[in-house]
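Chemist: quick one: sequence plus predicted model below, questions after.
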Amino acid sequence: MKILVAVKRVIDPYAKIRVNADQTGIETHNVKLSMNPFDEIALEEALRLKEQGLASEIIVISIGPIQAQETLRQGLALGADRAILIQTDQDLEPLVIAQLLNRISLREAPQLIILGKQAIDNDANQTGQMLAALLNWPQATFASKVTIDQQRVTVEREIDGGLQTLAFDLPGIITTDLRLNTPRFAKLPNIMKAKSKPLEIIASETLGIDLTPRLTTLSIKPPPIRPKGILVHSVDELIDKLRFEAKVI
Amino acid sequence: MKTLLLLAEHDQHGLKPATLNTLTAAKQLSNNITLLLVGPDSERAATQASAYQGVTNVMINNHACYDHGLAENIAALMADLAQPFTYLLAPATTFGKNILPRVSALLTIAMISDVCEIIDDNTFVQPIYAGNALKTVRNLQAKQVLSIRTSAFTAAGELTSTPAPIDVLTQHPQARACTFINQQLTVSTRPELTSARVIIAGGRALQSADNFDTLLAPLATKLNAAIGASRAAVDAGFAPNDQQVGQTGKIVAPELYIAIGISGAIQHLAGMKDSNVIVAINCDPDAAIFHCADYGLVGDLHQIVPELIEKL
Amino acid sequence: MTREIMVYDVVIVGAGPAGLSAAIRLKQLAPTRSVCILDKGADIGAHILSGAVFETSALDKLIPDWQARGAPIRVNVTEDHWLFLSATNAWRVPSWLLPKPLHNAGNYIISLANLCRWLSEQATELGVDIYPGFAASEILYNDQNQVIGVATGDMGRAKNGTEKSNFTPGIALHASYTLLAEGCRGSLTESLITRFQLRKDACPQTYGLGIKEIWEIDPALHRPGKVMHTAGWPLDNQTYGGSFIYHLEQNQVAIGFVTGLDYQNPYLDPFCEMQRFKTHPAIKPLFLNAKRVSYGARALNEGGYQSIPTLVFPGGALIGCAAGFLNVPKIKGSHNAMKSAMLAAEAVNNALSLNANPRIPLHAYPAALKQSSVYQELHQVRNFRPWFSKLGLFWGTLVAGFELKLFQGRVPWTLKHPREDRARTLKAHQASVIHYPKADGVLSFDRASSVYLANIRHDENQPVHLHLRNPNLAIDVCYPDYAAPEQRYCPAGVYEIIHDLNKAPRLHINAANCVHCKTCDIKDPTDNIVWTVPEGGCGPNYPNM
Ligand SMILES: Cc1cc2nc3c(=O)[nH]c(=O)nc-3n(C[C@H](O)[C@H](O)[C@H](O)COP(=O)(O)OP(=O)(O)OC[C@H]3O[C@@H](n4cnc5c(N)ncnc54)[C@H](O)[C@@H]3O)c2cc1C
Ligand SMILES: Cc1cc2nc3c(=O)[nH]c(=O)nc-3n(C[C@H](O)[C@H](O)[C@H](O)COP(=O)(O)OP(=O)(O)OC[C@H]3O[C@@H](n4cnc5c(N)ncnc54)[C@H](O)[C@@H]3O)c2cc1C
Ligand code: SF4
């Protein structure tokens, strides 16, 4: 089985997010970029499937600027077999990302595609579902456990208030939630080896997809500062406020 | 006339609250709103839904293929119905998030997730970077697919005396879909930290694990709340690791967060500042936590908490 | 324990200016030699904190066309101010009065972290293998007591030492030569210095703690290229230190405050000195309508010429600030770090070319260094810092200034650093408590919100990397005798004395707060704290410090 894992290069989860001075975007100058944490989990799951003998090849794919090669190399160091970069300097919308991934899926014919449930930059939580729609594949989103028996994939997924278990026959799409696994660390010798693994670069314009944005960003602003509240002077007053003013108890 | 199709979320008990929050958002966009309900219990929820002011129409489809919120089939149905509608909405719950992007892709439309403010009929605000920034986007496509952040809109409550008509749909388009195996909804005695409506959090000032049990636990029981803790409390062994709230712990945003004996270090705030209402109980009037608390009470927690438990 | 082994000709620990320059020089001289660099930061530059006014002399030699290659060195020093502060006033020292080393014409204001990122690109292009996110945790020796390389730390151990699901054992990197470029107070460097008694013929090293912030200021007040230094307030006459304020690009200003770690009063709190410094009437206006965007801290060497240890040992050498070539009055060390690294690289290359038997000590390196500008400039300013320790701010500066101004340091005497910094700490009862103003949240801040801006990443479920030689000493001796100064000298709030109800006080170590400044390893009066590397990739993530 061939597994395709989509990985995105995003601002590191430990970096501070600051809106730029003219409120058109997030400050990326001097900011560390890393693999989207949900995508690390996606790759880890693929690697585990391969270690169980259930997968034969893992391809990591990223859509982004030329620097996204670093993210792909990290994927290769972690154990992916080869990488594809669809190069673009545009910030593409999830629909277009899904369309591009669809093109590559048709070419590569993976049986399983694993993606993070969302990228921690735009938090859109769309790409996996969209790609599933375009491929007309079953989708198991927000996965917290994956088991595969022959062609049958069983996925436990996190839903509001509990867990749901679904199953599908390959091919299909899985998007990962946080609890699915703990990603491994790249080993030094593997980082070395990753340098010689194949990494193909495809220009995004060559795939026949209209890349023009459909949405226009008007502004990006920091969230409003929480207004300072009030001091109450007794437990009675507190209960009163919570009951009748805030109406939360 | 801008028409709107809202995918409602419900269960055997009826409409889920998230649907009513989404309805409020819908009413800001359109006065011709159709609610779509699918699955086996949809009839009962439909009757309920039809009574809400602002709902023009209710469509139900109780074919078994739409059971359990299976995204593939529900998306196929919704895409099938989409043609006359300008807006397609769903709550940004795991239910809505699972289905709506799929609908959007079937229609080749770019979707906007987690709308938290509606500026005008094609301009919306959505949180990005985990709420660290708010993005305003304009959507000039003929159709608009939006998932609605439910906590940003109050629940629709107003009822009407002339219930909307209920149509029963008979078509049942399907796709290659998953099979449902089972579902376990958590029925723990205490709600989970990340999904709790109320959180009682304790800091180092609690002084012991015993005090977590004897002071915080009864209060949490009274309010059906989850228990959280600061890193200092976790490090000192007063509370288990998975109760840590903050930068390196859980990020929570309950309706009510009560911080007891927590100083309000920025790393703690990073995990709870998006809570709807924050209450702080601290003996130091200068504690940073008071800067972000809606209601602050200065005093000794050993007196305040028992009194609170008694009076609630 | 058997570890996976990777073999290189040269292994370098630390991707600061020294480590990177050594690697580049080696590859320039012998492109086929295999060279790798390890750095404990998650990314190159993540743990680099400097001023920085940069003197390009070494870079000019290493990469003469740095400008054409787009080095991030763009802001010329345009103005240079020296101020003496009292609590309420400021006096500018006319520049004709200042000795030459204190002039900055021809220098640039840079981010050293960004320079390192660029250097690492240059090195990668030359074929150096650079591994950020890997801490060297152990020196490896053979049975002839030669250094044969280093081991990287294990990843994925739980707090109690057990292996977590993602446990990945460290590996051994073997090399003919190992260069230690860990910067000031390197953890492996210190173990080598002890093992090979490298400090036998030198004075103890002395240090300062630099605490730095980056602010985005009102564009109307921003003067790219402006350099300002201050001495005096808020430090007392006996405490060495002062500030720097550098105007960088993009409306950013770097503000740093250095406190000599030979300070005597255990109640002194370098973090609070830094915070209250900003409230001085001459300083404050710059930071109104401004936003603090970064915070960090790092120790720097102040021992200079007298404290240079023996630089070589069988199988390797110390380069850059790991050895300690910072020029104190200039507060510049990067150019010397680079220069020393280049000379060491040349010696390594010769040794490898000529010798069938690697690992023989690289005596050519210290010999070349003695002839170089590094020794020359350190010799010239060697008495600057000791005069201060002897005479205090006023007389010390005056005498040291005269010595430099009139004689360019060509005086027959060389003053010593008699003791380690920690040994100068007074007992609590001999000192008076210092009351610092409360943080106002506008100009001055508390530790927690400061450390927040160091972008620390540190998995809390790992063994504590700050070791106590004797766990009881902290409470039995350091607390009663010295009032637990670690609560104050640590700029990240790592050490807390906790008074639980009805229990004896205890020391709690918030290891995850650590910004790797190394001060606790230096200043603990009981010499009880040993700084070791945490899991690779942990620690601060400085953007452009
Ligand atoms: C990289 C990093 C990550 C971190 N991650 C987290 C995180 O995820 N979560 C987190 O919480 N912290 C985190 N911290 C730690 C954070 O900075 C604080 O140290 C911590 O939150 C303090 O916990 P506290 O408020 O319980 O303790 P303290 O700061 O000690 O506060 C105790 C408070 O209790 C009050 N008090 C004392 N006695 C009483 C009484 N009898 N009645 C009422 N009030 C009383 C005091 O006035 C004080 O305000 C992190 C720090 C770093 C550097
Ligand atoms: C506040 C301050 C202001 C300064 N101002 C100036 C100035 O204006 N101009 C100037 O020229 N100089 C200045 N300096 C001095 C200058 O920063 C240093 O001289 C220079 O950084 C030394 O370079 P280095 O390569 O030797 O060490 P460092 O720059 O300290 O680099 C050491 C590297 O090694 C890594 N490392 C350490 N131990 C390990 C390990 N065990 N395993 C893996 N990696 C490890 C570290 O993460 C780091 O990246 C200043 C220093 C400070 C602290
Ligand atoms: S623990 Fe030591 S090295 Fe870490 S920040 Fe504190 S003083 Fe510096």
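Modeler: Okay, I see it. Ligands and ions are numbered 1, 2, ... in the order given.
Chemist: quick one: the helices in chain B?
Modeler: Taking DSSP state H, the helices of chain B run over residues B:17-29, B:42-50, B:71-81, B:94-106, B:209-211, B:217-223, B:231-235, B:266-272, B:289-292, B:301-311.
Chemist: looking at those helices, which is buried most?
Modeler: Sort the helices of chain B by mean neighbour count, taking mean count of other Cβ atoms under 10 Å in any protein chain shown, and helix B:94-106 sits at the top with a mean of 27. (Each C-beta comes from the backbone N, C-alpha and C, glycine too.)
Chemist: any chance of the helices of chain B in JSON lines, with distance to ligand 1 and mean pLDDT too?
Modeler: Below are the helices of chain B laid out as JSON lines (distance: least, Cβ to the nearest ligand atom, whole Å; pLDDT from 0 to 100):
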{"stretch": "helix B:17-29", "distance to ligand 1": "28", "mean pLDDT": "95"}
{"stretch": "helix B:42-50", "distance to ligand 1": "40", "mean pLDDT": "93"}
{"stretch": "helix B:71-81", "distance to ligand 1": "34", "mean pLDDT": "97"}
{"stretch": "helix B:94-106", "distance to ligand 1": "25", "mean pLDDT": "97"}
{"stretch": "helix B:209-211", "distance to ligand 1": "10", "mean pLDDT": "94"}
{"stretch": "helix B:217-223", "distance to ligand 1": "14", "mean pLDDT": "95"}
{"stretch": "helix B:231-235", "distance to ligand 1": "3", "mean pLDDT": "92"}
{"stretch": "helix B:266-272", "distance to ligand 1": "3", "mean pLDDT": "91"}
{"stretch": "helix B:289-292", "distance to ligand 1": "7", "mean pLDDT": "93"}
{"stretch": "helix B:301-311", "distance to ligand 1": "4", "mean pLDDT": "96"}
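Chemist: ok, which of those comes nearest chain A?
Modeler: Closest to chain A of those is helix B:94-106 (Cβ to the nearest Cβ; 3.6 Å).
Chemist: quick one: that closest one to helix B:71-81, angle?
Modeler: 50 degrees (axes from the mean of the first three to the mean of the last three Cα atoms, to 10 degrees).
Chemist: and helix B:94-106 with chain A, contact?
Modeler: Yes: looking at helix B:94-106 against chain A by Cβ under 8 Å from any Cβ of the partner chain, the contacts come from B:T94, B:F95, B:K97, B:N98, B:I99, B:L100, B:P101, B:R102, B:V103, B:S104, B:A105, B:L106.
Chemist: for the closest residue in space to the first one that isn't next to it in sequence, which residues make a bridge with it?
Modeler: Right, the one you point to is B:T94. For B:T94, ignoring the flanking residues on the chain, the nearest one in space by Cβ to Cβ, 6 or more residues apart in numbering or on different chains is A:I159 at 4.4 Å. Beta-bridge pairing for A:I159 (DSSP bridges): A:G162.
Chemist: surely A:I159 meets A:F142?
Modeler: Yes: under the criterion of Cβ atoms under 8 Å, A:I159 makes contact with A:F142 at 7.1 Å.
Chemist: quick one: which of these two has more around it?
Modeler: A:F142 (26 against 19; other Cβ atoms under 10 Å in any protein chain shown).
Chemist: contact partners for the more buried one?
Modeler: A:K117, A:R157, A:E158, A:I159, A:T175, A:T176, A:D177, B:T94, B:N98 (Cβ atoms under 8 Å, 6 or more residues apart in numbering or on different chains).
Chemist: cool, C:I434 as well?
Modeler: C:N265, C:Y267, C:L268, C:D269, C:C272.
Chemist: any chance of these in a markdown table, plus neighbour count, secondary structure and distance to C:P169?
Modeler: Output for the contacts of C:I434, formatted as a markdown table (neighbours: other Cβ atoms under 10 Å in any protein chain shown; DSSP: H, G, I helix; E, B strand; the rest coil; distance: Cβ to Cβ, whole Å):
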| residue | neighbour count | secondary structure | distance to C:P169 |
| --- | --- | --- | --- |
| C:N265 | 19 | coil | 45 |
| C:Y267 | 17 | coil | 44 |
| C:L268 | 21 | coil | 42 |
| C:D269 | 21 | coil | 40 |
| C:C272 | 21 | helix | 42 |
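Chemist: turn these into TSV, columns for distance to chain A and pLDDT.
Modeler: Listed next are the contacts of C:I434 as TSV, based on distance: Cβ to the nearest Cβ, whole Å; pLDDT from 0 to 100:
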residue	distance to chain A	pLDDT
C:N265	34	97
C:Y267	32	97
C:L268	30	97
C:D269	25	98
C:C272	23	98
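Chemist: for chain B, what's the nearest residue on the stretch 101-250 of chain C?
Modeler: As assessed by Cβ to the nearest Cβ, chain B sits closest to C:K159 within the stretch 101-250 of chain C, at 10.0 Å.
Chemist: and the nearest residue to C:F244 once chain neighbours are set aside, how many neighbours?
Modeler: Leaving aside its chain neighbours, C:F244 sits nearest to C:G256 (4.8 Å; criterion: Cβ to Cβ, 6+ apart). Residues lying near C:G256 (other Cβ under 10 Å) number 26.
Chemist: need the pLDDT of the closest residue to ligand 1 within chain A.
Modeler: Residue nearest to ligand 1 within chain A: A:Y14 (8.6 Å; Cβ to the nearest ligand atom). As predicted, A:Y14 sits at a pLDDT of 85.
Chemist: check which helix or strand it maps to.
Modeler: Using DSSP states H and E, A:Y14 falls within no helix or strand.
Chemist: residues from the stretch 251-400 of chain C in reach of chain A?
Modeler: Checking the stretch 251-400 of chain C against chain A by Cβ under 8 Å from any Cβ, the hits are C:V293.
Chemist: how close does the residue nearest to B:T94 sit to B:G96?
Modeler: Taking Cβ to Cβ, to the nearest Å as the measure, A:I159 falls 11 Å from B:G96.
Chemist: do A:A167 as well
Modeler: Applying Cβ to Cβ to A:A167 and B:G96 gives a distance of 23 Å.
Chemist: now A:D236. Its backbone dihedrals?
Modeler: phi -60, psi -40 (degrees, to the nearest 10).
Chemist: wait, doesn't it sit right on B:E310?
Modeler: No: at 11.1 Å, A:D236 does not count as touching B:E310 under the criterion of Cβ under 8 Å.
Chemist: and the residue of the stretch 101-250 of chain C closest to chain B, what does it touch?
Modeler: By Cβ under 8 Å, 6+ apart, the contact list for C:K159 reads C:E460, C:N461, C:Q462, C:P463, C:V464.
Chemist: out of the contacts of A:F142, who's nearest C:G316?
Modeler: Checking the contacts of A:F142 against C:G316 with Cβ to Cβ, the nearest one is A:T176 at 44.4 Å.
Chemist: share the number of residues neighbouring the residue of chain A found nearest ligand 2, please.
Modeler: For chain A, the residue closest to ligand 2 is A:L188, as judged by Cβ to the nearest ligand atom, at 12.3 Å. By other Cβ under 10 Å, the residues close to A:L188 number 24.
Chemist: spatially nearest residue to it, not counting backbone neighbours?
Modeler: Of all residues not flanking A:L188 in the chain, C:I171 sits nearest, at 5.3 Å (Cβ to Cβ, 6+ apart).
Chemist: which residues of chain C lie near chain A?
Modeler: Residues of chain C lying near chain A (Cβ under 8 Å from any Cβ): C:4, C:6, C:42-43, C:46, C:111, C:114, C:129, C:131, C:134, C:152, C:155-156, C:164-166, C:168, C:171, C:173, C:250, C:293, C:452-453, C:455-457, C:541, C:543-544.
Chemist: contact partners of stretch C:366-376?
Modeler: Contacts for stretch C:366-376 (Cβ under 8 Å, 6+ apart): C:S57, C:Y305, C:T310, C:L311, C:V312, C:F325, C:N336, C:K339, C:S340, C:L343, C:E346, C:A347.
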